[in-house]
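Peer 1: prediction below, plus the sequence it came from.
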Amino acid sequence: MPSSLSAGKQRGLEAVADSRGIIAALAIDQRSALRSLFARAMGVEAADVPPANLSRFKEAVSATLTPHASAILLDPEYGLPAAGKRAPNAGLLLAYEQTGYDKKVPGRLPRLLDGWSAQRLIEAGANAVKLLLYYSSRSTAEINGFKYEFVEKVGAECAALDVPFFLELVSYAENMDEKSIEFARIKHEVVAAGMKEFSKPQYSVDILKVGMPVNLSFIEGSPTPSEEILSTREQAKRHFVDAAACASIPFIYLSEGVNNATFQFGLELAAEAGARFSGVLCGRATWKDGVDILVKRGESALEDWLHTTGAQNIQNVNHHLKAAVPWQVAVQKSTSEKAHV
């Protein structure tokens, strides 16, 4: 076992990884994003979506898809019933942050859930704690200083409790649409900078959960191409390599709301590049089409869809994890590199 991790953190990471040490986890901690999917399907405002719809959907996804996953990431607001429906061998990560951000305050500042602490998340069954952070290396020193201190405090809280700390970085730039070609041109820089910064030991992060360092729609050969192509496959693979080199702790990829075929395309690029990722925490690329099924056709149709298309979606992702590096190997590599500094 890697010597740089405490016993509790090791146990927690083992609980959310598969037998190879790969994190093949399912994410459905979405709250505002899931509410928006329901609102679109129902033809109502997001505020008018009943909370029970979110909980019911999470339960169905957990019960049906966790047999194919090493763990599930849920939120304590709507997801605790779903935690009880997961497969016996699936670990549990719980989200610590409030969903979204206050748009009236600059910088997309993070906020913790009211009434929760890392201790309470553990008592609710969490094997690991997850915090989402919107991060831009181009933000002001004041904004990023607040975020650095914020992450340090959560990292210290998890370290004191001896529980793994997963930090999810959502990359952005002020006054840019994240889906725009303008942001696509700089995304690799922002992603790499975040991976480098939060690998530093003062944050006590155990696993980084990051977006891919390119917007896949602007890459040659994408299943969902934009009108303009920015990079060839080889250029995109170089961005994967460069970003991975910035991480000195294990990292995994999130799907950023793309469809299943597009996420598979990204994992192919990462594998070909030798990016040394340790798995995924994949959400909407697996289950998002099920929302419309539930709304339009009911629970029985959702069950059928999850057992067929949903299961195939997660198996597609798992197939592309053959190139992933066990988290233990990534930790040992990090420890070895630090010893030679």
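Peer 2: Cool, the structure landed. In this text, all values refer to a predicted model and were calculated from it rather than measured experimentally.

Peer 1: other residues contacting the one helix or strand residue 311 maps to?
Peer 2: Using DSSP states H and E, residue 311 maps to helix 311-319. Outside helix 311-319, the residues that touch it by Cβ atoms under 8 Å, 6 or more residues apart in numbering are 24, 26, 64-65, 68-69, 260, 263-264, 267, 280, 282, 285-287. Backbone N, C-alpha and C define where each C-beta goes, glycine included.

Peer 1: in strands, which of those appear?
Peer 2: Using DSSP state E, the subset of the contacts of helix 311-319 located in strands is 24, 26, 280, 282.

Peer 1: ok so, going back, would you mark the buried spots in the helix holding residue 311?
Peer 2: Using 16 or more other Cβ atoms under 10 Å as the test for burial, helix 311-319 gives 311, 313-314, 316-318.

Peer 1: again, but for stretch 291-304
Peer 2: For stretch 291-304, using 16+ other Cβ under 10 Å, the buried residues are 291-295, 302-303.

Peer 1: same deal with stretch 157-176?
Peer 2: Neighbour-count burial for stretch 157-176 [16+ other Cβ under 10 Å]: 157-159, 161, 163-173, 176.

Peer 1: now the two most distant members of these.
Peer 2: 161 and 176 (37.0 Å; Cβ to Cβ).

Peer 1: export stretch 73-81 to PDB, keeping only CA atoms.
Peer 2: Coordinates of each C-alpha in stretch 73-81 appear next as PDB, following Å, rounded to 0.1, in the frame of the first residue of the first chain:
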ATOM      1  CA  LEU A  73     -21.700  10.100  -6.100                       C
ATOM      2  CA  LEU A  74     -24.900  11.500  -4.600                       C
ATOM      3  CA  ASP A  75     -26.000  14.700  -2.800                       C
ATOM      4  CA  PRO A  76     -27.500  14.600   0.700                       C
ATOM      5  CA  GLU A  77     -30.400  16.900  -0.300                       C
ATOM      6  CA  TYR A  78     -32.200  14.500  -2.700                       C
ATOM      7  CA  GLY A  79     -29.900  11.500  -3.000                       C
ATOM      8  CA  LEU A  80     -29.900   9.700   0.400                       C
ATOM      9  CA  PRO A  81     -32.800   7.400  -0.500                       C
END
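
Peer 1: what's the mean pLDDT across that stretch?
Peer 2: Averaging pLDDT along stretch 73-81 yields 98.

Peer 1: who touches that stretch?
Peer 2: Under the contact criterion Cβ under 8 Å, 6+ apart, stretch 73-81 has outside partners 25-31, 51, 54-55, 58-59, 62, 82-83, 92-95, 99, 113, 116, 120-121, 124, 130, 281, 283.

Peer 1: cool, and stretch 267-277?
Peer 2: Contacts to stretch 267-277, defined as Cβ under 8 Å, 6+ apart, come from residues 212, 214, 219, 233, 236-238, 240-241, 243-244, 251-253, 280, 317, 320-325, 330, 333.

Peer 1: make it 6 Å
Peer 2: 236-237, 240-241, 244, 251, 253, 320, 323-325 (Cβ atoms under 6 Å, 6 or more residues apart in numbering).

Peer 1: what of stretch 161-168?
Peer 2: Residues outside stretch 161-168 that contact it (Cβ under 6 Å, 6+ apart): 6, 8-9, 12-13, 118, 122, 128-132, 155, 158, 198, 204-209.

Peer 1: buried subset of those?
Peer 2: Buried residues within those, counting neighbours by 16+ other Cβ under 10 Å: 9, 12-13, 118, 122, 128-132, 155, 158, 198, 204-209.

Peer 1: where along the stretch 151-300 of the chain do the helices fall?
Peer 2: With helices called from DSSP state H, counting those that start in this stretch, the stretch 151-300 of the chain shows them at 181-197, 233-245, 260-273, 284-287, 289-297, 299-305.

Peer 1: now the shortest one: average pLDDT?
Peer 2: pLDDT averaged over helix 284-287 equals 96, rounded to a whole number.

Peer 1: picking up where we left off before, can you lay out the buried residues of stretch 291-304 as JSON lines showing pLDDT and distance to residue 150?
Peer 2: Putting the buried residues of stretch 291-304 into JSON lines (pLDDT from 0 to 100; distance: Cβ to Cβ, whole Å) gives the following:
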{"residue": "291", "pLDDT": "98", "distance to residue 150": "31"}
{"residue": "292", "pLDDT": "97", "distance to residue 150": "36"}
{"residue": "293", "pLDDT": "98", "distance to residue 150": "38"}
{"residue": "294", "pLDDT": "97", "distance to residue 150": "36"}
{"residue": "295", "pLDDT": "97", "distance to residue 150": "36"}
{"residue": "302", "pLDDT": "98", "distance to residue 150": "37"}
{"residue": "303", "pLDDT": "97", "distance to residue 150": "40"}
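
Peer 1: beta partners of residue 73?
Peer 2: Counting by DSSP bridges, residue 73 forms beta bridges with residue 27, residue 93.

Peer 1: re earlier: which of the buried residues of stretch 291-304 lies closest to residue 190?
Peer 2: Each of the buried residues of stretch 291-304 was scored against residue 190 by Cβ to Cβ, and residue 291 proved nearest at 29.4 Å.
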